[in-house]
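Asks: Next one to model:
(chains A and B)
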Amino acid sequence: MAQIFHRSTNFISRVSLFGTLLLAGLGLVGVLALARSPYLTNQRVVRSQPIQFSHKHHVGDDGIDCRYCHTGVETSAYAGIPPTKTCMNCHSVLFANAGYLDPVRDSFRTDQSIEWVKVHRLADYVYFNHSIHVNKGVGCSSCHGQINQMPLVFQASPLNMEWCLDCHRNKEMNIRPRTEIFNMDWKAPANQAEMGKQLAAEYNLRSTTELTNCSTCHR
Amino acid sequence: MDGMSEDGHLHDDNHDEAHADDLTTQAYPLDLAAVRRKLQDKSGKQYWRTLEELAEDPHFEDLLHREFPRQASEWDESVDRRDFLKLMGASLALAGMAGCGRPDVEKIVPYVKQPDGMVLGKPLFFATVMPFGADALGLLVESHEGRPTKIEGNPDHPSSMGSTDVFAQAAVLNLYDPDRAQTVTNLGEIQSWSSFLQAAQGFAAGAKATNGAGFRLLTGTITSPTLIKQIQDLLKLYPQAKWHQWEPAGSDGAREGAKLAFGRYLNTVYAPGKADVVLSLDSDLFGAGPGHIRYTKEFTRRRKLTGPDSTMNRLYVVEPTPSVTGATADHRLPLRASEVGIFARALAAKLGLGGNASAPAGSEKWLEAVAKDLQQHRGASLVVAGEQQPAEVHALAHAINAALGNTGATVYQTEPVEGNPVNHLDSIRELCGDMDAGKVDLLLMLGGNPIYDAPHDLDFKSKLKKVRNAIRVSPYFDETSEYCQWHVAESHFLESWSDARAFDGTASIVQPLIAPLYRTHSAHDVVAAFSDKQGVSGYDVVRNYWSSAPGHSMASVDQGWKKWLNDGLIEGTKFAPVSAAPKFSAASLAPVQATPAGQIEFIFRPDPAVFDGRFANNGWLQELPKPVTKLTWDNAALVSPKTAEKLGLTQHVASRGGEHGQILSNVIDVWLSGSKVTAAAWILPGQAEDTVVLPLGYGRKRAGYTGTNKGFDAYAVRVSSALWTATGGEIKKTGANYPLACTQYHFNMEGRQILSSASLEEYRKNPNFANEGAEAPAPGLSLYKGEAEFPYHGNKWAMAIDLNHCNGCSACVVACQSENNIPVVGKDQVMRGREMHWIRVDRYYANTPSATSGTGPGDTTKYDVSLDNPDTFFQPVPCQQCENAPCEQVCPVAATVHSAEGLNDMVYNRCIGTRYCSNNCPYKVRRFNFLRFQDWETPQLKLMRNPEVTVRSRGVMEKCTYCVQRITAGRIEAEKQNRPIKDGEIVTACEAACPSEAIVFGNANDPNSRVSKLRAQQRNYSILAELNARPRTTYLAAVRNLNPELEKA
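Replies: Okay, here's the model as predicted:
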């Protein structure tokens, strides 16, 4: 009796077996890649704001310190978005008539807040604290990128858990001297590994085990 | 029967008996006689929690054993296989998609001008006081960006000393209650404040024309000096107007007792901290009433045990129904309320104060021992009369204290704290008389709820209808508001300026934490509206008062104001003791007859959770298991086991799909004082015989969504001639059953030693008693890697709970609920055993050392197992944070994992709700969100939540975290300063609230921390130590300081 299946069927069956596995694997890779892609993390997405406030101008050109506006960054969980009053400290004199700043003056006059669009957004069950990072040698630019070069702020890092843990696991490679925290142009020196170790000891950083406990960030 | 009323009919909105019964295969009612028979065979010390457990009822045990009971698989709205597959397929497809959503755009709304001193993300604490009856509790209120979220005690305030009670903890929920009245209304129509002011002016002009002849004012007890002054000024403006007062749970007995003893109204302040021996005559000194938190603190500090050499004070309690104070007692004697008066007379006679009363039958020995003990501690003893006891008992207590030389040492008198002290019963009676006679044109009611809570025979409702213009100021539009022309929504104390005096006279400014959420106004505003100072703000009224107060001036207010607000009290306002000698002889008292034996005595008591009804709409308090009965969402007519046997009352545990917590209790009709009330009965060990307690505060008809139609209305049978104690009633079983939700039925002890206690003598003989009998696991005998895996180098968090201190007040439960955003689940879910409290307070009964067969003190083998007067103990159980945590091993998704500091971290976003962890938890402390219990829609409640704690959703397991948010905050502060965390720097919510300082949290690696010292004591033991779970929460066994004379004979 003749064979029902042609010899080539063997090949097809092998191809379809491995192909299915490969497709499934590719699918998985695809899903994981998608989850990490800027499409879902919003990384590098520039947000339109009610006032086209330029960090590049204020920080890069004028050299205003981060803490002039983000007053809570050293003491509180939130760095804080400045009240309209902070803008008006300067802009009651500078560009006092610029139409561009109408929303600021309106806000100050009517006592209605300016509604900024949030750029860095963490999940509700994550409790990030700015002050402890800033106090323990994590610079602004480590997470926020070079703000001094951003006309409109975008999210420089993916802000997913994997990215957080990368740093909590390799803290030596990611910390800098306290004097450089607000330096937007700081680059890791060649001896970062060595210096990081020293700094970690000096700043009494907790062990990796402790820093990767769930309750460090979730509660 | 004329005048019969159905007012107090027992309400049950959504659980009729038929429904409750439908899943019960068979009901096995509790047989009390069998329980007693069983008890006779028992010997040795025993603990039990429920009567069923004590009875070793096989059906009850069977019920609890079945993790998945017979009916659990039955599903009413079942789907067939095909539909099921369809649904599963669809949900699988959708489940994959749900995680793929892109986050929405979120807005940031900063301040325009940020307030000074505010750092975004850092809470601020403001001092204020919570006025409550004749007391004010000093508070520190946590405020997140202007939203008060959590209440703590003010350590500098005399009534708080840093701790709080359940009512203070639950006050934030009242503030954000969406059911509060939100605006001024006239005949139900919304009106503006200005139109009210206009109307008030019209009323004022009319009243002025008659010199205020038809003007009446009705208030509760007021301790606000400003409001008192405002009212006094008002009365000057309208000379013929009258000020009436009615506080349904206030104490005319205390007022009249002082008058009887000293000739005028005086306030009594106690110092239990200086007393070696305390006798309570039906006083819930530590559970309720002015100064109770301070008294608890002072008293328990005298019971602090550091080792077998420590000394303890001794507490005797005579009471008709078990209270928190009675549960703390070293010796407790259940006597009927009317017999307490006889006991007081007999004690006075015994102490040589005159009179020749003899002790109630059966209490002679007791009386003798107490009298001797009191006499041996002259100047260091204290006798306290209960708020519900009549004037004579209070006068006797004053006389006894004076005779024992306690006056000036452990007790002193001051001028009254309340404004214009009057006999409230006379006052409301007079008002009702005037209203009935048509003499009242204008009635202004500040607070209260007289239609609901005035004595039933006065029929306030029909009399109020005769008043032309009734104006009501109240936080809720309630039963009384319905019959008032004008209703002014009252501001919460966290929203308005005022002031108040504490139990010892210390005055504080009530400081608002938030602008009124709605268009509400304070009593100050309303009284001002009728005065010549209309429109003056509350802030100005208070400041003006203090500027002209004795000893103060405009300058001193300007100078002191900020300090007053900062400290939460005005220095130097504490009342000086008044030297008053009782001009009263016990012999002059007319002898009283106790209610004849066999005749039922009905007593009324404010409910421990909703008080006189004012907290009825507070879900946290409704769901709080009441300290002694552990009932939630209902009140019940409490009867003693003997009375229950006599009346043929019983109860049985219903298994609704095997979910424990529903008890079907016999319904009784109580005919009393010409009215009827239908109530569920509840058998309460330790209650005096032939006494039925009718707790007040339930059966509200217009309380709001949460409080309406819960329980039965005891006010319906409360008449002016028998305000606290009534006789001549009748009880009839209706034959129906009513489902009650009790949290003490959830689990069975299985005969294990979970609670440990001893007498002081036993403790001294054998300091290690708590750890004997427990099977100690061999060291290293574990499959877990233990310290090899988790060396705990840094902090090692631990909690020690001293059972010798805990009196079961349950402030910790509500504090935890407030701190950790714990939802309220409702009665139906509690009956399924699904309440969410992260800390529960278990109540244990124990048999007392034998009264008859003992061979002497210290003989631990002879115990009289008693249903009628068992010892009562409380044990708060939060997550035990085991080192070898059984929960961690079984979680398939690592949603509960061990931290380097020994916490069992709970990761909500990982949890998929298998509930394996809860099944494997030997302590049953894990709570599962079976439904979406949290209210996500109501905007007010969003303001209330603690932003530092995740709001959990359906399908997620949760449990006590040792307040990990507070640990993290403390750690971050310490790390920023590069120093270790100090002991006492991190305080958990339960520890902060606890008035008796029973809960101590800290670092067990630091040998000098408070928790390490407690853990080093021999009394320290772990629950179920034999399981080798190595819990971090440990307990210190309770010790009772027994009087050898009572022990022996």
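
Asks: residues in contact with B:Lys733?
Replies: Counting by Cβ atoms under 8 Å, 6 or more residues apart in numbering or on different chains, B:Lys733 makes contact with B:Leu647, B:Gly648, B:Leu649, B:Asn666, B:Val667, B:Ile668, B:Asp669. Placement of C-beta: from N, CA and C, glycine included.

Asks: Got the phi and psi for it?
Replies: phi -70, psi 130 (degrees, to the nearest 10).

Asks: and it, bridged to which residues?
Replies: Note on B:Lys733: beta-bridge partners by DSSP bridges are B:Ile668.

Asks: how far away is B:Lys208 from B:Asp532?
Replies: 10 Å (Cβ to Cβ, to the nearest Å).

Asks: Can you work out which residues contact both of the two?
Replies: Counting by Cβ under 8 Å, 6+ apart, the common neighbours of B:Lys208 and B:Asp532 are B:Leu237.

Asks: which one of these two has more residues nearby?
Replies: When B:Lys208 and B:Asp532 are compared for neighbours, B:Lys208 comes out ahead with 14 against 11, by other Cβ atoms under 10 Å in any protein chain shown.

Asks: what about the more buried one, which SS state?
Replies: Secondary structure, DSSP: H, G, I helix; E, B strand; the rest coil: B:Lys208 is helix.

Asks: For it, which residues are in contact?
Replies: By Cβ under 8 Å, 6+ apart, the contact list for B:Lys208 reads B:Leu237, B:Tyr238.

Asks: all helices for chain A, in order.
Replies: Using DSSP state H, the helices of chain A run over residues A:8-36, A:38-41, A:55, A:66-69, A:84-91, A:102-110, A:130-135, A:140-144, A:161-169, A:192-202, A:208-211, A:214-217.

Asks: So the closest residue to B:Trp838 other than its chain neighbours: helix, strand or coil?
Replies: Ranked by Cβ to Cβ, 6 or more residues apart in numbering or on different chains and with sequence neighbours excluded, the top spatial neighbour of B:Trp838 is B:Cys960, at 4.2 Å. Following three-state DSSP, we place B:Cys960 in the coil state.

Asks: Correct me if wrong: B:Cys960 contacts B:Arg927.
Replies: No: applying Cβ atoms under 8 Å, one finds B:Cys960 not in contact with B:Arg927, separated by 9.1 Å.

Asks: Spit out the residues that contact those two alike.
Replies: Shared contacts of B:Cys960 and B:Arg927 (Cβ under 8 Å, 6+ apart): B:Trp838.

Asks: How many residues are close by residue 33?
Replies: Just going to use chain A. Counted with other Cβ under 10 Å, A:Ala33 comes out at 11.

Asks: ah, I was thinking of chain B
Replies: 9.

Asks: Could you confirm it falls within a helix?
Replies: Yes: counting by three-state DSSP, B:Ala33 is found in a helix.

Asks: List the contacts of it.
Replies: The contact partners of B:Ala33, taken as Cβ under 8 Å, 6+ apart, are B:Glu645.

Asks: Show me how the chain divides into domains.
Replies: Defaulting to chain A. Following the assignment in automatic domain parsing, chain A carries domains at A:8-36, A:55-81+A:119-217, A:82-115.

Asks: wait, chain B
Replies: If you go by automatic domain parsing, chain B breaks into B:11-32+B:46-69+B:595-745, B:267-414, B:757-778+B:787-1044.

Asks: Point out where chain A drops to low pLDDT.
Replies: Applying pLDDT under 70 to chain A flags residues A:1.

Asks: can you rerun that using 90?
Replies: Low-confidence segments of chain A, defined by pLDDT under 90: A:1-7, A:34-48, A:96-100, A:121-124, A:219.

Asks: re earlier: please work out which of the domains of chain A is packed deepest.
Replies: Of all the domains of chain A, domain A:55-81+A:119-217 has the most neighbours on average by mean count of other Cβ atoms under 10 Å in any protein chain shown, namely a mean of 17.

Asks: anything in that domain near chain B?
Replies: Yes: Domain A:55-81+A:119-217 is in contact with chain B by Cβ under 8 Å from any Cβ of the partner chain, via A:71-72, A:75-78, A:80-81, A:121, A:123-125, A:127, A:129, A:131-132, A:135-136, A:203-204, A:206-207, A:209-210, A:213-216.

Asks: Any idea how far apart the tips of that domain sit?
Replies: 29 Å (Cα to Cα, to the nearest Å).

Asks: so who does the residue of the stretch 651-800 of chain B found nearest chain A touch?
Replies: Closest approach between the stretch 651-800 of chain B and chain A, counting by Cβ to the nearest Cβ: B:Gly794, at 6.9 Å. Neighbour list for B:Gly794: A:Arg206, A:Glu210, B:Ala900, B:Glu901, B:Asn1005 [criterion: Cβ under 8 Å, 6+ apart].
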